[in-house]
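In: Got a predicted structure plus its sequence, pasted below:
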Amino acid sequence: MKKKDRISRIRNIGIMAHIDAGKTTVTERILYYTGRSHKMGEVHDGEAIMDWMPDEQERGITITSAVTACQWKGIDIQLIDTPGHVDFTMEVERSLRVLDGAIGVFCAVGGVEPQSETVWRQADKYHVPKIAFVNKMDRIGASFFGAVEMMKERLHANPLIIQLPVGSEDDFAGVIDLVGMKQIIWDNETLGATYTESEIPSGLLGEAEKYREKLIEALSEVDDGIMEAYLSETAITDEQLVSAIRKGTVSLKLVPVLCGSALRNKGIQPLLDGIASFLPSPLDIPPVKGIHPETGRPLEFETKDTGPLAALIFKVAMMEGRKLSFVRVYSGTLKSGVDVYNPFRKIKEKLSRILRMHANKRDRIEEAGAGSIVGVVGLKTSSTGETLCSAENPVLLEKIEFYEPVISIAIEPKTHSDQEKLEEVLSKFIDEDPTLRVRKDEDTGQTILSGMGELHLEIIISRMTREFNTMVNVGRPQVVYRESITCDSTGSAVFDRDIAGQRHFGDVSLKLKPLKRGSGNRFRSELKDNIIPPAFVPFIEKGINEAFDSGTVMGYPVVDVEAVLTGGSYRESIGTELAYTVSAAMACKDAFRKGEPFLLEPIMDAEIFVPDSFMGDVIGDLSSRGGKIGSITSKSGVQVIKAIVPLSRMFGYSTSLRSATQGRGTFTMQFSHFDKN
């Protein structure tokens, strides 16, 4: 097979959705029908192939993105099953960064739920073409058209209905294919492996023709050939429709919508056809862009095996105690046993092994060409978000943005043996998970572990015990605050000291100004007449940034402050980089104390689902927690309350909500912004 043909047959896709929409079940069925696995793993039995971690099997949720590969009708599908819980949003983010297409799975009852919105926006950020699969059509309260309407309202998507359900709830039997104008009914006896295609029954034909007309109208807006045929009323072939749907999907103008019930083994084969027919190959996406690490010159690399190497590490995992790096190859070829260059760290590393992944199982391969997603063993220093290339053609690809943690716990080792292991274990977790932070509390000597939510930290503690046999005592969760200032303030400091026989002198004066919430920190210099040589200004900025790492109220990071360098002095021969870094940090702390500092706390977006009869109690409880109600809407006999609430008041809320609603209320919560305490 020609290499270009090989690349055109690749589909790098992710499956994304809100928790419990059925992502992992859809993935398990895909693996079964493509012959990649010979037994259907069920999430509720803890047997899903893609949920291989013990914590995933026990809790019935996906925690870490799992990579696998399968084949369908000559197409190589490289698939990533992503988590749906908000605490693991970073897993979705870094997966979408390297994928060419995605399947959004929606529950036919819940429709577009909060985390669905988050992952959809993440996919939009990376310009990832999408297919929508409305799952759980067999559930009581299932509404295919309700889910489609929610996609328009909440996601501002342009859904293109290419299937209609045949029945719903207990009567859901199959689908009507609006492209081929046929009915597909699955055989329950063969676990959905066989199905019958037939003419559309007369009772459903009218609706099918109406929606096929809408399908052609929508496609005529993105494809001139369909437009001409539609206006001239000439016949439109299935091939023309498929080509136009693909064009609209790849250009992000349309989102094809299919439906089914993964748990009941219905709808998966047409979904696989949709992946093959509508989602892009690596050749369909624009060339990857980067910059030259030395000159900053923009660079582009086309998707071809013979081009210069350009690959991105999007995930690091510890498997059986060894570091495994997950890599997307955009251009060129990775070869086992060959050196690669990391331009961010300016080092060469040797690839000892290249692996094709199937969840936690792997097959060794000698090389991986453009478009491949593989595991790599042998990278000792390189980390998540860093580029691998050749030293002769260096390039820095765009890094992955990481989220800031919002919650902390104090941990301390139980025994002396645990004390010796703890630092190494935490280092491995930080390599794996860039949203995890570790710091030492200088006052108490405790280790403070910060993450994205209570569940995130709970999983880390569980893995410490299971995987590394390291036992720790855990303190109560604490909110990770930020610090800022109320008013303009000034500060100055002189550092004049002998260190190791050398005199160091630095003198800095500066002004701090509060900025609008969410602006971040800034630095600028108003120095005149070279009071301090310009060569020292970057070291002054470095000192200020170090001071901003911990404020003076409770030692939390400082945000939304502008630092302006206004003055200072310089002494020939004894003015040093170290002295100006230290004096700038001291001056910054001095000014911060004078600026009436205060705490900013994380504010969360909460969505609470409550039966009608319990509304009053739940709203009263939210108000007592400082929550502000944004909206209340009714959906299928349940009231949906949207509110913003301080995170510090939401610990233990799930227990309170269950008590107030006799176990029938549920809620989701995700970080919104920081605001004044």
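Out: Cool, got the structure.
In: Show me which helix or strand of the protein is least confident by mean pLDDT.
Out: The weakest-scoring helix or strand in the chain, judged by mean pLDDT, DSSP states H and E, is helix 54-59 (a mean of 47).
In: Tell me the helix or strand right after that one.
Out: The first helix or strand that comes after helix 54-59 along the chain, using DSSP states H and E, is strand 66-72.
In: Can you name every helix or strand that the helix or strand just after that next one contacts?
Out: Next along the chain after strand 66-72, taking DSSP H and E as the criterion, comes strand 75-81. Contacts defined by 3 or more C-beta pairs under 8 Å, 6 or more residues apart in numbering; DSSP states H and E place strand 75-81 against strand 10-16, helix 23-33, strand 66-72, helix 268-278. All C-beta spots, glycine's among them, are computed from the backbone N, C-alpha and C.
In: For Thr295, find the nearest of the ones you listed.
Out: strand 10-16 (30.4 Å; C-beta to C-beta).
In: what's in contact with that closest one?
Out: The contact list for strand 10-16 (C-beta atoms under 8 Å, 6 or more residues apart in numbering) reads 23, 26-27, 65, 75-82, 84, 92, 95-96, 98-105, 119-120, 122-123, 128, 275-276, 279-282, 328, 371-373.
In: With just CA atoms, put that strand into PDB.
Out: C-alpha atoms of strand 10-16 as PDB (Å, rounded to 0.1, in the frame of the first residue of the first chain):
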ATOM      1  CA  ILE A  10      -6.500   6.600   9.300                       C
ATOM      2  CA  ARG A  11      -9.100   8.100  11.600                       C
ATOM      3  CA  ASN A  12      -7.800   9.500  14.800                       C
ATOM      4  CA  ILE A  13     -11.000  10.000  16.900                       C
ATOM      5  CA  GLY A  14     -12.000  10.500  20.500                       C
ATOM      6  CA  ILE A  15     -15.200   9.700  22.300                       C
ATOM      7  CA  MET A  16     -16.400  12.500  24.600                       C
END
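In: can you give me the angle it makes with strand 66-72?
Out: 130 degrees (axes from the mean of the first three to the mean of the last three C-alpha atoms, to 10 degrees).
In: Run me through the strand neighbours of strand 10-16, direction for each.
Out: strand 75-81 (parallel), strand 101-107 (parallel) (DSSP bridges).
In: Highest mean neighbour count out of those strands?
Out: With neighbours taken as mean count of other C-beta atoms under 10 Å, those reach their highest mean count in strand 101-107, at a mean of 25.
In: remind me, longest strand of the chain?
Out: Looking across the chain with DSSP state E, the single longest strand is strand 597-611.
In: mean confidence for it?
Out: Strand 597-611 shows a mean pLDDT of 87.
In: mind listing what's buried in that strand?
Out: Applying a neighbour-count criterion of 16 or more other C-beta atoms under 10 Å, one finds 597-610 buried in strand 597-611.
In: Show me the shaky parts of the stretch 201-350 of the chain.
Out: 320-321 (pLDDT under 70).
In: which residue ranges form the strands in it?
Out: 255-259, 288-291, 298-301, 310-319, 322-331, 334-335, 339-342, 347-350 (DSSP state E, counting those that start in this stretch).
In: Now render these as JSON lines, adding mean neighbour count and distance to Phe172.
Out: Shown next, in JSON lines, are the strands of the stretch 201-350 of the chain (neighbours: other C-beta atoms under 10 Å; distance: least, C-beta to C-beta, whole Å):
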{"stretch": "strand 255-259", "mean neighbour count": "25", "distance to Phe172": "9"}
{"stretch": "strand 288-291", "mean neighbour count": "19", "distance to Phe172": "42"}
{"stretch": "strand 298-301", "mean neighbour count": "16", "distance to Phe172": "46"}
{"stretch": "strand 310-319", "mean neighbour count": "23", "distance to Phe172": "36"}
{"stretch": "strand 322-331", "mean neighbour count": "23", "distance to Phe172": "37"}
{"stretch": "strand 334-335", "mean neighbour count": "18", "distance to Phe172": "45"}
{"stretch": "strand 339-342", "mean neighbour count": "20", "distance to Phe172": "50"}
{"stretch": "strand 347-350", "mean neighbour count": "14", "distance to Phe172": "52"}
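In: got CSV for those strands, with distance to Pro514 too?
Out: Shown next, in CSV, are the strands of the stretch 201-350 of the chain (distance: least, C-beta to C-beta, whole Å):
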stretch, distance to Pro514
strand 255-259, 43
strand 288-291, 34
strand 298-301, 36
strand 310-319, 37
strand 322-331, 41
strand 334-335, 49
strand 339-342, 39
strand 347-350, 41
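In: neighbours around Glu213, how many?
Out: 12 (other C-beta atoms under 10 Å).
In: Ser390 too?
Out: With neighbours defined by other C-beta under 10 Å, the count for Ser390 comes to 16.
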